[in-house]
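In: Turn this into a structure:
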Amino acid sequence: MIHRFLLSISLAVLMSTAHAAVPDIALQTLDGQPRNVNEFIGKGKWGIVVFWAHDCRVCASEIHNMNAFHAAHKDKDAIVLGVTIDGAALLDRARGFAATHKFQFINLVTEPDAEIVERFGGGKFVGTPTYYFYDPTGRIVGRKIGPLSGADLEEFIEAFNKSSYAIKPSASLWANNSN
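Out: Next up, the predicted model:
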């Protein structure tokens, strides 16, 4: 019940930024491949961005929830994107953390710089783990700091999809326009 309340608060607080553009942030994967956050967000699926660090105990105990969520949803309606704030100096430790926890989703690397993290649109960065929720159109619609279960995440998405904030596909977008 408390989790639902906190997720509701996150939803209400972020409604003022819900029209922010998809983040255009170039980072690298754990293996050095250049990627942009906008490759993953706003592509017709929910995007869950989780900020983590190799020495975050809550991250270590909770990341399996994101692995399971990603595995269950990646081919349907949602993806998870990890972002470690360990930076270049601790990249080997971040890689070790990812290997130990058998991440099933792509992970990007950023420096431990709150300004970069804040460019994701979720407001002031407090610490790890932090989750940002982007709807299928790419609008940031929620943030959760601290532990998050897969059930709470699914409940948040279901509640949001039923809310007046959800963007429903317009019938005219899907109409056959052939003459």
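
In: Which parts of the helix or strand hosting Ala72 count as buried, going by neighbours?
Out: Per DSSP states H and E, Ala72 falls inside helix 57-73. For helix 57-73, burial by neighbour count (16 or more other C-beta atoms under 10 Å) applies to 58-60, 62-63, 65-67, 69-70, 73. (C-beta placed from N, C-alpha, C; glycine too.)

In: Return the closest of the residues you listed with respect to Trp52.
Out: Cys59 (4.2 Å; C-beta to C-beta).

In: What is the neighbour count of the nearest residue to that closest one once chain neighbours are set aside?
Out: Residue nearest to Cys59 in three dimensions, not counting chain neighbours: Trp52, with 4.2 Å by C-beta to C-beta, 6 or more residues apart in numbering. As a burial measure, Trp52 scores 27 neighbours (other C-beta atoms under 10 Å).

In: what's the following helix or strand after the helix holding Ala72?
Out: Where DSSP H and E defines the elements, the next helix or strand beyond helix 57-73 is strand 78-84.

In: For that next one, name the packing helices and strands.
Out: strand 46-52, helix 57-73, helix 91-100, strand 107-109 (3 or more C-beta pairs under 8 Å, 6 or more residues apart in numbering; DSSP states H and E).

In: ok, 6 Å please
Out: Contacts defined by 3 or more C-beta pairs under 6 Å, 6 or more residues apart in numbering; DSSP states H and E place strand 78-84 against strand 46-52, strand 107-109.

In: quick one: strands adjacent to the last one?
Out: Partner strands and pairing direction for strand 107-109 (DSSP bridges) are strand 26-29 (antiparallel), strand 78-84 (parallel).

In: Pick the most buried one from those strands.
Out: The highest mean neighbour count among the strands paired with strand 107-109, using mean count of other C-beta atoms under 10 Å, belongs to strand 78-84: a mean of 24.
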